[in-house]
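Asks: Quick one: sequence plus predicted model below, questions after.
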Protein chains: 4
Amino acid sequence: METNMTISTLPISTELIAEHNAALMASVDEDYDALGRKLSRTGVDIDVVKNKVAEFTVAVPSWGAGRGGTRFAKFPIPGEPTNIHEKLEDCAVINQLSQATPRVSPHFPWDKVDDYSALREEAASLGLGFDAVNSNTFQDQLGQAHSYSTGSLSSTDAATRAQAVEHNIECIEIGQKLGSTDLTVWVGDGTNFPGQQDLGRSLDRYLDSAAEVYAALPGTWRMLLEHKMFEPAFYSSVISDWGSSILAAQSLGDKCKCLVDLGHHAPNVNIEQIVARLHRFGKLGGFHFNDSKYGDDDLDSGSINPHQLFLVFNELIEAELHPREGFNPAYMIDQSHNVTDPIESMMASADAILTAYTKAILVDRQGLTAAQEANDTMLAFQALRSAYKTDTSPILAKVRQEKGGAIDMIQAYRTSKYRERKSQARKPVGLGSGIV
Amino acid sequence: METNMTISTLPISTELIAEHNAALMASVDEDYDALGRKLSRTGVDIDVVKNKVAEFTVAVPSWGAGRGGTRFAKFPIPGEPTNIHEKLEDCAVINQLSQATPRVSPHFPWDKVDDYSALREEAASLGLGFDAVNSNTFQDQLGQAHSYSTGSLSSTDAATRAQAVEHNIECIEIGQKLGSTDLTVWVGDGTNFPGQQDLGRSLDRYLDSAAEVYAALPGTWRMLLEHKMFEPAFYSSVISDWGSSILAAQSLGDKCKCLVDLGHHAPNVNIEQIVARLHRFGKLGGFHFNDSKYGDDDLDSGSINPHQLFLVFNELIEAELHPREGFNPAYMIDQSHNVTDPIESMMASADAILTAYTKAILVDRQGLTAAQEANDTMLAFQALRSAYKTDTSPILAKVRQEKGGAIDMIQAYRTSKYRERKSQARKPVGLGSGIV
Amino acid sequence: METNMTISTLPISTELIAEHNAALMASVDEDYDALGRKLSRTGVDIDVVKNKVAEFTVAVPSWGAGRGGTRFAKFPIPGEPTNIHEKLEDCAVINQLSQATPRVSPHFPWDKVDDYSALREEAASLGLGFDAVNSNTFQDQLGQAHSYSTGSLSSTDAATRAQAVEHNIECIEIGQKLGSTDLTVWVGDGTNFPGQQDLGRSLDRYLDSAAEVYAALPGTWRMLLEHKMFEPAFYSSVISDWGSSILAAQSLGDKCKCLVDLGHHAPNVNIEQIVARLHRFGKLGGFHFNDSKYGDDDLDSGSINPHQLFLVFNELIEAELHPREGFNPAYMIDQSHNVTDPIESMMASADAILTAYTKAILVDRQGLTAAQEANDTMLAFQALRSAYKTDTSPILAKVRQEKGGAIDMIQAYRTSKYRERKSQARKPVGLGSGIV
Amino acid sequence: METNMTISTLPISTELIAEHNAALMASVDEDYDALGRKLSRTGVDIDVVKNKVAEFTVAVPSWGAGRGGTRFAKFPIPGEPTNIHEKLEDCAVINQLSQATPRVSPHFPWDKVDDYSALREEAASLGLGFDAVNSNTFQDQLGQAHSYSTGSLSSTDAATRAQAVEHNIECIEIGQKLGSTDLTVWVGDGTNFPGQQDLGRSLDRYLDSAAEVYAALPGTWRMLLEHKMFEPAFYSSVISDWGSSILAAQSLGDKCKCLVDLGHHAPNVNIEQIVARLHRFGKLGGFHFNDSKYGDDDLDSGSINPHQLFLVFNELIEAELHPREGFNPAYMIDQSHNVTDPIESMMASADAILTAYTKAILVDRQGLTAAQEANDTMLAFQALRSAYKTDTSPILAKVRQEKGGAIDMIQAYRTSKYRERKSQARKPVGLGSGIV
């Protein structure tokens, strides 16, 4: 089964990347220099910005490498990966071209293998490490002793809760073998009818179960709670909002933090303020980046509302500058690629995330703070808007090129004909729906 | 395959129903009489109301007989139906106990059989007829020539559009054999990215294709367009709202009407006003009843917001009293039963729908109109509220009992041990997700 | 100015009420008896329910006695009150007829007078006491030293913050004279532009200022924080959601609790779960009852979504039965009566609130819990639905009649011609907009 | 009263503007040239873009020159205008510095004067003309015969409807004197309670009244219907959404079109698709530009979601390239400046609007269409994203400078000390709330 273990070279030819970059380098340099001159007028050294951006990375989810779908349908593409080895290979392409996604976040039992040391080596040979481990107690697996139809960590059934706790602990154990240090816990527990469960006692059970998982955390690990307003439960969810999430995290202990998925909130909610609040109270643990218009749409990061993504990063820069009780968020892309090639979407998303980060770096913080103190609303706003308006593409292109990635990731990827090759080699995915 | 065709008796024993009713009849009579006296004080004859309610029916969807799920998971129950014959049998149970759901709405290709005349007879032997036919161009089927991954009626690909048109026409042909007179058209066509398709030209293509379907409608048939804000498309949907729906219906012709699904709207929208608007402009064609809190949750009718359901029926009674260009809406339940026995949910939903209808009948229309004319807002509101407050259960119980149904449907159903028997006889459903 | 101080009789003639009730008593008795028989079948003693309901009361806001408006306009009615004395008189009418609203919640500086002992006596002579005191730091008053244009408790300006703190402390002092024991703090502080203020430091300043107010609380007092998603600030609000509210309350201390206004949440949010969460963590302090469809619409309680109101009370009954760290919520109506006579609206709202409470009492708790434990979703839901369906009007009518109120409050009020009399006696209100 | 009629010079010194520009010109030229080189690589001539942008203008509303407020409060600033003459002067500043807002949209009766010819000349002397006339039937005026408390065009009261019709016709007459050719009709008509009015008959009355106004339209005029979801009515609005708006416009006739206010929609709605739909059916009449996060927040254009503004302009460019039944939308800013100097906000908003327009021009339309036809979702999206990423500031700065405006409008305005001068000269605004 571990047939890909012998991969020793990266999936995209470095010559191809070099040729690609060579053709575009003059333009990038010209634009970079022009932007550098513009920024220098306001006292900003573009190279300092570039170096800071070069250090920023975001994890990709193993499951994101496959085509996603809805409850209605999934439309597979030729060459899709169907196991963790193929998924790692695709993630290696993303990282090779973007030079921004060196870690993969695994999901169990989807990514189960017999030998995790070998998997870790396999990933390393592709230039990849492992990020937060994700447990799955929202789906039944073949042969599973207790169904999660009544919930998992909050189920009324003690044996089901024990099974869910045990699975989370198993995820920690696997994660230790893979070099992870975070466990992300998202449960689908909730109700579809008023009265289906008692809203208070459900949370009691959740907290009791979660405490058992928390107790099994190794010393350096963190437990990241991910809230979600709705879906799969449509009347109530046990951890439905950041309020529930932070109160649960407080109950569980210092190593428990909150994870923000950008698509898991009520309509109109100010997500950047939630980020600021979680940081203010020492509980900001990480992000699942994506975008949405209606709900947990799992669209590509920044595709719908890039300004919101910028405002989130503006809070993250503020948090970095004013750390409360530590600031070390885990960043991960979490998207469902229903209509694109997942590799292209994740490269474009990494670019959108780094763009938001770069623009947030460019904000004149002194000017912003001064305007805020003076209640000069227009200048305070313009401090953000001025940075947001900047076209930071030359900085990101330069960062990628200098790190060995591709200036135009999509173009380089298409030139490589990677997917076409895989569509010959890999077994096709059947029809179906959902995310499995 | 047509092994159930020889069913000649109804699935639930009439003796069981009679015994069940006998035990509860005295209470029902007492409550009915008390309500009758109360209503008579305001000049309402309870028997007149009862007789009107007895005539009201709503269709059930064949697919609703199976357990539903989300993109994350489906949790099957023992004894679920897996083909149209078993689904009809379950629908017969619903109708037998509720006496309110004598028609089944089929969905193709899910309900495909070789012999539709036989299917129609089979249904008739169970006391059932067929309602609106539903086409499916949002999913690919094994062996299908053209994928709907680019949309269906609005696809840029002419062959795909032609296939979708042909499938709809085939649905009409099947429907004619089954005795249907309506075609319900819901498409998942839309986009996940800004720019993915041109918003204007997509609609042009949709209208062209829909016109071909419309042209194939038999003289007595109607085409019902069902709009939906989002899902499976998460940036734009071709027929996303009632505005798009009614403009499309106007373009297509008099036989094209709009269908309202209660869960397909933007947050906070006043759905009863949409009903009033569609009626005002002669295009109200039908309903898909369900309930929702967040989106297309497909929850049980009236479980979340029974007052909204009442307000919708208040508009329907107004429409009946003031018909504009005809008023003959097709009523259907359309729910996803993720956490309950579908038979129980559809019986309870039929009760919720009839309850809303009955309360709407009880509104003092003269008083309401007079208060409206006088701008006496409080009395106008109280005219509605007074009817809504009424406990109409005795009327509904009496209607069911008199028609041969069960006073307490859930209790009678559980006493019958119907599902337990089926769980022995039917083959189990595998794990999976989605609605297929 | 204190011209109404000599009122020694209640505003509505007790003879009128008695006559009104006499005409309706036979019907009420008949309905009450019929309901009693029905409830007794399930082991419920209607008199026990009635006696519990008779003890429930809700406060009315002084400002609610005047006609409300929007930023666009206010349409006054003849006979509106324009000072606290006239407002008390109107509140006395509400309490006299409803027998459910014996306390008035004052708002300063709107209700400022020279002699608070006299005001307390005046209220007492009308059968009224005082409830939670509301401070106002969202508006500038003539002659005020520092404008709240930059916010109040969170303003960057120290003098403005000090002024806001001082005003809150003054409200406590006035409240002590009036017999109140709660201070409700709602601030309009927030921003209209990204970047206008730092989201973290704004909260720091708010917490510092609030701590000064908290320090001034007498031993038996509570401080109730009221969150609101938006308006008057339209990009961010300092205390925007229950998460911010409970974290602030935790920071401030045990005497600080959270107040839930039903119209201050994001679209689609499950408010009854927020109630359950606040109770679970010992911070549920009170309610502002109203209803809404779009935002802080301040519509009449239960007029839009009476089922939600019932579900909220279902949580309150659960909380009462399972107190965590005390359970003593302050209940108040908080509505803007833009299109009705405020007296009629508040009487109808008291009825809607007591209706929801009564139905929540009727829930078969044992059956509900048993169904929840057994994951029998349908029976759990039906336990709630069965209670919700009950027409509890006879119980409420009987409670009112026995306590000296009116069986049909609106009718009795109109018969009294109270407003017509006041329209002769009171000075007219000018045109304008807003809530002042 | 017409004391400002003798103004013959523009409010800001042209020397000041010239000096201001001189100091920044070198930087603008450098950035413009760099951008020009970059654009030329993809075949775009920056001067062609610049010339197209130079022709784009947007109207400003007379009432927008004053500080806005909410129902809770308004915080005036020194030097606010309090009559149409002062408002015109402020609008002249905006146009002088932005060179993009040469028309003012008046609102009656707020802007009533005795001599409209004189007013037109006064405006002309300030470089201004008049845009669409706005009627006001949502507020009562002193001495008005019939109150709009029951609605206006849809009121049940015939005299009230007649008064509203007459006012609209008077607005047309005034508009003819001012040189306008559009009448914008927004009504606050609606309800706060279910049942308050019949939803169908309200629309009938609205349409009857609107037809009388329509009949009075001069041959070259248009009537623009503006829908709004809620506020001031909080349960239903007569023209609540684009569906109601377009059906009403169809009923009224060819000269009636629909106006889109960006803040008047349900949460999550795809506004750019509404734009495309209105254009598709020949009824797109104009825009009220602003931004919002929660409702009709009336925030500065593009301050919350600049990407949405870009997507709207992307549709407008598509509409321009593919005109259906004419395409001549009226563009107007419609904002409430609660926390900023209105002059600064409207200059910044004009910039945001022109920025969105410029980026939409930069979209590679051929590439976009080709990618759409090929269902190459990623490239289609990137065609938009690539244009959106571009920093178009140099183009806009150059346009302003060449037309005589200021490169940095806010800085030039502040240097002029215009507001300080006016705060000496103008009478102060009192406290209050709302928009009057």
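Replies: Yep, that arrived. As the structure is a computational prediction, the values presented were derived from the model and not from experiment. Numbering: from 1, shown residues only, chains lettered A, B, ... in the order given.
Asks: rest of the way, CA atoms for contacts and neighbours
Replies: Noted.
Asks: ok so A:T82 is a strand residue?
Replies: No: assigned with DSSP: H, G, I helix; E, B strand; the rest coil, A:T82 falls outside any strand and is coil.
Asks: State the distance from it to A:L128.
Replies: 19 Å (C-alpha to C-alpha, to the nearest Å).
Asks: Of the two, give the one with the bigger neighbour count.
Replies: Taking neighbours as other C-alpha atoms under 10 Å in any protein chain shown, A:T82 and A:L128 compare with A:L128 leading, 22 against 15.
Asks: I figured the more buried one was touching A:S105, is that so?
Replies: No: taking contacts as C-alpha atoms under 8 Å, A:L128 lies outside contact range of A:S105: 10.4 Å.
Asks: Let me see the contact set for the closest residue to A:Y235 other than its chain neighbours.
Replies: If the residues on either side of it in the chain are set aside, A:Y235 comes closest to A:N192, at 4.5 Å by C-alpha to C-alpha, 6 or more residues apart in numbering or on different chains. Taking C-alpha atoms under 8 Å, 6 or more residues apart in numbering or on different chains as the criterion, A:N192 is in contact with A:A233, A:F234, A:Y235, A:S236, B:L299, B:V339.
Asks: do the same with A:R421
Replies: A:G79.
Asks: Pull up the per-residue confidence for it.
Replies: On pLDDT, A:R421 comes in at 97.
Asks: Which of the three states applies to it?
Replies: Following three-state DSSP, the label given to A:R421 is helix.
Asks: for A:Q273, same thing?
Replies: Under three-state DSSP, the three-state class of A:Q273 is helix.
Asks: Next up, the contacts around it.
Replies: Contacts for A:Q273 (C-alpha under 8 Å, 6+ apart) come out as C:L199, C:S236.
Asks: Alongside chain B, which residues does chain A contribute?
Replies: A:69-75, A:138-142, A:149, A:192-194, A:230-232, A:234-235, A:292-294, A:297, A:299, A:303-304, A:339, A:431, A:433-436 (C-alpha under 8 Å from any C-alpha of the partner chain).
Asks: mind checking the SS state of the residue nearest the centre of chain A?
Replies: Per C-alpha atoms, centre = their mean, the C-alpha nearest to the average position across chain A is that of A:M332, at 1.8 Å. Here A:M332 takes the strand state, with states given by three-state DSSP.
Asks: Kindly report the same for A:V213.
Replies: helix.
Asks: How much space separates the residue nearest to A:Y235 from D:I94?
Replies: A:N192 sits 54 Å away from D:I94, going by C-alpha to C-alpha.
Asks: dump the residue contacts of A:Y357.
Replies: A:V53, A:F310, A:F313, A:N314.
Asks: again with A:V104
Replies: With contacts defined as C-alpha under 8 Å, 6+ apart, A:V104 is in contact with A:A59, A:V60, A:P61, A:S62, A:L88, A:C91, A:L128, A:G129, A:F130, A:D131.
Asks: isn't A:S240 right up against A:M229?
Replies: Yes: with contacts counted by C-alpha under 8 Å, A:S240 reaches A:M229, the gap being 4.3 Å.
Asks: Now A:V104: phi and psi?
Replies: For A:V104, the backbone dihedrals (degrees, to the nearest 10) come out as phi -120, psi 140.
Asks: and it, bridged to which residues?
Replies: Beta-bridge partners for A:V104, by DSSP bridges, are A:V60, A:F130.
Asks: gap between it and chain D?
Replies: As judged by C-alpha to the nearest C-alpha, to the nearest Å, A:V104 and chain D stand 23 Å apart.
Asks: Kindly state the pLDDT recorded for that residue?
Replies: The model's pLDDT for A:V104 equals 98.
Asks: Then the one 4 residues further on?
Replies: At A:F108, the model reports a pLDDT of 97.
Asks: In contact with it, which residues?
Replies: Going by C-alpha under 8 Å, 6+ apart, A:F108 touches A:V133, A:N134, A:S135, A:N136, A:C171.
Asks: Between the residues you listed, identify the one with the most neighbours.
Replies: A:V133 (28 neighbours).
Asks: surely that one meets A:L183?
Replies: Yes: A:V133 lies in contact with A:L183 (C-alpha under 8 Å); the separation is 4.9 Å.
Asks: okay, and the common contacts of these two?
Replies: A:C171, A:I172, A:G175.
Asks: what's the closest of those residues to chain B?
Replies: Using C-alpha to the nearest C-alpha, A:C171 comes nearest to chain B of the shared contacts of A:V133 and A:L183, at 19.3 Å.
Asks: Residues in contact with stretch A:158-169: which ones?
Replies: If you take C-alpha under 8 Å, 6+ apart as the criterion, stretch A:158-169 is touched by A:135, A:137, A:146-148, A:151-155, A:209-210, A:212-213, A:216-217.
Asks: Out of these, which sit inside strands?
Replies: Judged by DSSP state E, the subset of the contacts of stretch A:158-169 located in strands is A:S135.
Asks: PyMOL command to pick out the buried ones of the contacts of stretch A:158-169?
Replies: Of these, the buried ones go into a single PyMOL selection, burial set by 16 or more other C-alpha atoms under 10 Å in any protein chain shown:
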select buried, chain A and resi 135+137+146+147+148+151+152+153+154+155+209+210+212+213+216+217
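Asks: Having no further points to raise, I will conclude here.
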